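> kindly return the folded structure for what I paste below:
(chains A, B and C)
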Amino acid sequence: AMATGGTSSSSGEGFLSRMALNDNKAGMEGLNRDKINKIIMESSKGSRFYENELKKEQQVNQRIERMMLQKAHITEQQLSKAQAQVEKMTSDLERGRDLSRVIVHVDMDAFYAAVETRDCPDLMDKPMAVGSMSMLSTSNYHARKFGVRAAMPGFIAKKLCPNLVIVPINFDKYRAVSAEVREVFADYDPHFLPMSLDEAYLDISDHLEQRRGWPEALRTHLEDHGGLQETVELEGLSPVLFENSPSSSPCLQDAAGGEVEVFGTCAEEAVREMRFRIEQKTSLTASAGIAPNMMLAKVCSDKNKPNGQYRLPSNRQAVIDFIQDLPVRKISGIGKVTEKMLGALGITSCSHLGQEMALLALLFSETSWHHFLHISMGLGSTHIERDGERKSMSTERTFGEMGALEEQFSLCRELCQDLAQDLQKEALKGKTVTLKLKNVNFEVKTRAWTLPCAVATTEELFAVAKDLLKTEIDNVSPQPLRLRLMGVRVSNFASADDKKPLQKSIVGFLHKKQTDSSSTSQISSHKPVKEHPPKSPGQTQPSACPSMVQQRQGQEEPESGTDSLTCPVCFREVNTTELTVFNRHVDQCLSGVTMGQNNHTDTELERGPRVCEEEVEKEITGGKREEGPKEKGSELLSRCMLDSVGLQLDSSAGDHTESTTGLLLYETSTANISLSTVGLNPVCLNTCPNGDVSIHRANTLKVSSQSDPRVRVCLLSPGGPRPMTTPKPESRDHRGPALTCPVCQETQDTNDLTLFNRHVDLCLNQEVLHDNMVKAQGPHPLMQYHANWPHGGRLKMLALKGQPPSTLCSYAQTL
DNA sequence: GGGGGAAGGACCA
DNA sequence: TTCCTGGTCCTTCCCCC
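Next comes the predicted model:
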């Protein structure tokens, strides 16, 4: 039944293979699958979840169709070439086959459920599961008879088995039990590899070697029934779930009247002893598989589950025989999609896999077919990896539908906070921050951002996550994002030596007191700049910048004190050296909150433009919004730049005597920026001290920094940003009336809401920034634009009308 | 063609 | 009424040499 069960249900009997019962699990043999599936389908049909599964299944079907099409075009010649390749590879692998290790996979039986049953014996003969109405983590074997299994929502399980008892999950308890179990593992392999709370791989080769010389006393274990009072009760309790504990060894009475058991020296006996000790210690049973490698051990541990073990002998023929009729789905790593794909090729067992290897080599990627080949030969990893470094850390939460912006942002901050705490526990910092969103239709989106330097604090994470979230919100506005899950992940961890320099350099950069002429001189003397002189006369560059620096320093240098930092946005001294406090200030400044000195949160502020837009949209389109094709990469950037250049040109139309200066400010992690894409002739570069910036090939900017999370690059162009070659796109759609900006009150020559939204954004930003500029340097008409740089960076463009480059240059110096 | 980042999935417990 | 969480790895696409 097991051999064909999984596949026949997925090869299409009129219902979704994704939704149907997955009975590829111990304790689920011989169930009435049709009846169970009918109930599952009836409970799911029409739900958003179901609809999404339907969509995903269609995608898999399309993938299969493409594969079959590809298969149809394969020639005999290709096939025989692939066959030769496979044979070569096979013989190479065969030569390297290692049967010398004894690998054990131990798996606690229905772990969470077993722990709960141990602690509440009333549950023993009832169908029960651990989890909630929305999701079960595991079920006991009694419940499995009804088709109730892990990863099934509780409400469906209840329909399958109305008497099901659902116990809430209690991780702390399982962790504690797991620690006890691991103590036992460590006696057999101190380097054992835990896969989860209830599962581990062990290499017991060394243990067996030693064990051979052990006297009986070391292999004798007392059957400990605990305290005397509890003996009677525990007698019926242990083993908790299963009565069929195979105990063939003779049981002796020890002096105290307890029973003792003597275990042998072979692998089976060692593993049996280990399971015995686990049971003694925790009253829980475990199953185990013994095999020459991890892949096989894993399959073996399932073979006699629960409370059993299976040994696959360490000889080639035994391995080959074992693998022959094994359904591919039994192998860890082959899930329902791969199973279905292979099924479409007529492959259900591992022997099929071997027979069709040449075909697989042509249809799948190299890594995939190599993996398949290993499986078909019964090969797997023979050494248990030492604690591999963690690659990422994340936290996510599912909740009832959430559409309110302030809720979304504050949740995002909460997640960042939780994640920051977790990161701190392991002293980790990562460069890539990923935001994960799942909407009410179960569609998942992830958006990532890579910084040049690793971050870890709540504020650092939130600064990025918030931007990513805002971008997503803007993308669907004026509709709200209807979320059901949000998550934040950090990956791309920095190595230990990357961690130190960060704090110092940023502090150094922001301490105005410091004569940071280093940063400017470093830049102006940058070799590549000289090698590639800009086309426009560059005489303003070397002279203007330093002089302006002096001027600024003269004006604004505080009398004394190194205990304040200068905000790069509002130029104010922030009276703190606490980076967290300072970060918050900068964050708020960037969000435009600081000016009013109110206590608005970011989320409150960010709601501003949306409200206007919603109203406008309703007015114009009656709420319906056309989704244009998504702009990508430089297209998007060009559009952004065009828009802002357009605005700038508009503002100075008819006045060509005024010189306009463009300033491009990047906060970026990218390696290369093509300046031609953004239309700028750089004549002056500025960056924070630890950023490494150079001009390559006349128009490519290379940016890298090992120490600063955001390299800021200021590019000054005396002529302002070059307009792109493309003219500004037709600005008016004739179907609707023009839109009036609620900020500047001017009618905009567009009814493209995306453009209009940008304008409003711009206006809002401009007001704030303008005020800042007024405070800092006197009144200038300032245009500002910022957008996400598509290759991972934040771009800000400023343009000043009617000001000499030096003005903007001095402004640039402050950034 | 290859390297690298981003996005999206597959898969696992 | 109600379909998780936290990981890893792989694939695909795009951009840029």
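> give me the distance between the nearest residue to residue A:481 once chain neighbours are set aside and DNA strand B.
In space, and not counting its chain neighbours, residue A:481 is closest to residue A:473: 5.5 Å by Cβ to Cβ, 6 or more residues apart in numbering. (Glycine included, C-beta is placed from N, CA and C.) Here the criterion is Cβ to the nearest atom of the strand, to the nearest Å. By it, residue A:473 lies 14 Å from DNA strand B.
> what about residue A:473, how many residues nearby?
Applying other Cβ atoms under 10 Å, we find 19 residues neighbouring residue A:473.
> same deal with the one 5 residues further on?
Residue crowding around residue A:478 was assessed by other Cβ under 10 Å; the count is 19.
> do the same with residue A:195
Residue A:195: 14 neighbours (other Cβ under 10 Å).
> make sure it is indeed in a strand.
Yes - Residue A:195 forms part of a strand when assessed by DSSP: H, G, I helix; E, B strand; the rest coil.
> surely it and residue A:201 touch.
Yes - shown here, residue A:195 and residue A:201 form a contact pair, counting by Cβ atoms under 8 Å, at 6.8 Å.
> what's in contact with the helix or strand hosting residue A:88?
Assigning secondary structure by DSSP states H and E places residue A:88 in helix A:76-95. Helix A:76-95 is contacted by residues A:357-359, A:361-362, A:370, A:373-374, A:377, A:379 when judged by Cβ atoms under 8 Å, 6 or more residues apart in numbering.
> in chain A, what residue comes closest to DNA strand B?
DNA strand B sits closest to residue A:335 of chain A, with a gap of 2.3 Å, by Cβ to the nearest atom of the strand.
> excluding chain neighbours, what is closest to that residue?
Residue A:335 sits nearest to residue A:329 (Cβ to Cβ, 6+ apart), 7.9 Å away.
> in contact with the closest residue to residue A:391 other than its chain neighbours, which residues?
Leaving aside its chain neighbours, residue A:391 sits nearest to residue A:491 (6.1 Å; criterion: Cβ to Cβ, 6+ apart). Each residue near residue A:491 by Cβ under 8 Å, 6+ apart is listed here: A:391-393, A:430-432, A:434.
> helices of the stretch 401-550 of chain A, start to end?
Using DSSP state H, counting those that start in this stretch, the helices of the stretch 401-550 of chain A run over residues A:405-425, A:458-476, A:496-499, A:501-510, A:517-524, A:527-531, A:540-556.
> about what we covered before: flag every buried residue along the helix holding residue A:88.
By 16 or more other Cβ atoms under 10 Å, the buried positions in helix A:76-95 come out as A:82, A:86, A:89.
> can you check the pLDDT for the first one?
The confidence metric pLDDT takes the value 92 at residue A:82.
> cool, and residue A:17?
78.
> quick check: it touching residue A:336?
Yes - taking Cβ under 8 Å as the definition, residue A:17 is a contact partner of residue A:336 at 6.6 Å.
> so if we follow the domain assignment, how does chain A break up?
By the assignment in automatic domain parsing, chain A contains the domains A:2-99+A:316-376, A:103-124+A:174-311, A:392-514, A:634-815.
> residue A:280: what's it in contact with?
So residue A:280 contacts A:221-224 (Cβ under 8 Å, 6+ apart).
> buried ones among those?
Buried members of the contacts of residue A:280, scored by 16+ other Cβ under 10 Å, are residue A:223.
> could you dump the contacts of residue A:280 to JSON lines with secondary structure, pLDDT and distance to residue A:409?
Below are those laid out as JSON lines (DSSP: H, G, I helix; E, B strand; the rest coil; pLDDT from 0 to 100; distance: Cβ to Cβ, whole Å):
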{"residue": "A:221", "secondary structure": "strand", "pLDDT": "96", "distance to residue A:409": "57"}
{"residue": "A:222", "secondary structure": "strand", "pLDDT": "91", "distance to residue A:409": "59"}
{"residue": "A:223", "secondary structure": "strand", "pLDDT": "85", "distance to residue A:409": "59"}
{"residue": "A:224", "secondary structure": "coil", "pLDDT": "71", "distance to residue A:409": "55"}
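> can you narrow the contacts of residue A:280 to ones near DNA strand C?
By Cβ under 7 Å from any atom of the strand, no member of those lies near DNA strand C.
> pick out the most distant pair among the contacts of residue A:280.
A:221 and A:224 (8.6 Å; Cβ to Cβ).
> just checking, residue A:391 touches residue A:493?
Yes - contact status for residue A:391 versus residue A:493: in contact at 7.4 Å, counting by Cβ under 8 Å.
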